[in-house]
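[1] Take this sequence and fold it.
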Amino acid sequence: MTRISFYILKGTQEHDRQVFACRLIEKAYTQGNHIYIHADNAEQAEQFNQLLWGFRSDSFVPHQLMHDSMDAIQTDCPILIGHDATPPRLMNLLINLSPQHPLFFSQFERVAEFINDDDTIKAQGRERYRFYQQRGYVIESHKL
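    Numbers count the residues shown, from 1 in each chain. Below is the predicted model of the structure:
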């Protein structure tokens, strides 16, 4: 069964929330995981793409946006970023940047959700938490 992890962060800055997601992605990548990053829309996907390339000067996290033709997606790329499509293959970790849970979340071993002190982000996170809880998923919370 899919394991759900909520990361509770201090502060209200979206940038800080996304940088933490980048650090988690980097760690998961170095552990050999294949990762799908689910953005809310094309703009957020592109913004996160740029952030992942440069969030740390000494880091290299190979990834690819899925907005191009599916034929252009490298089948061996360990990290994909999308917003309106199901991942093209099975992957280990889903990074959810969207305010809603993606319909395909249960195909992953693990889902990571990121909450901060922003009232809207917290309210949306509570809804997703209830959704997962009502369906019997194992939920972990990490206060940072």
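[2] What are the buried residues along stretch 103-113?
    By neighbour count with 16 or more other C-beta atoms under 10 Å, stretch 103-113 contains the buried residues 105, 108, 110, 111, 112, 113. From N, CA and C alone the C-beta is placed, and that goes for glycine too.
[3] tell me the contacts of the residue most central in space within the chain?
    The chain has residue 95 as the residue nearest its centroid, 1.5 Å off, counting by C-alpha atoms, centre = their mean. Residues in contact with residue 95 (C-beta atoms under 8 Å, 6 or more residues apart in numbering) are 21, 24, 25, 35, 36, 37, 38, 112.
[4] hang on, it is in a strand, isn't it?
    Yes: counting by DSSP: H, G, I helix; E, B strand; the rest coil, residue 95 is found in a strand.
[5] List the buried residues in stretch 47-59.
    Burial within stretch 47-59, assessed by neighbour count using 16+ other C-beta under 10 Å, is assigned to 47, 48, 49, 52, 55.
[6] Against which helices or strands is the helix or strand containing the third one packed?
    Secondary-structure element containing residue 49, defined by DSSP states H and E: helix 42-54. Using 3 or more C-beta pairs under 8 Å, 6 or more residues apart in numbering; DSSP states H and E as the contact criterion, the secondary-structure elements in contact with helix 42-54 are helix 14-30, strand 35-38, strand 64-65, strand 79-82.
[7] Quick one: distance of it to the chain centre.
    Relative to the centre of its chain, helix 42-54 is centred 12 Å away, using C-alpha atoms, centre = their mean, to the nearest Å.
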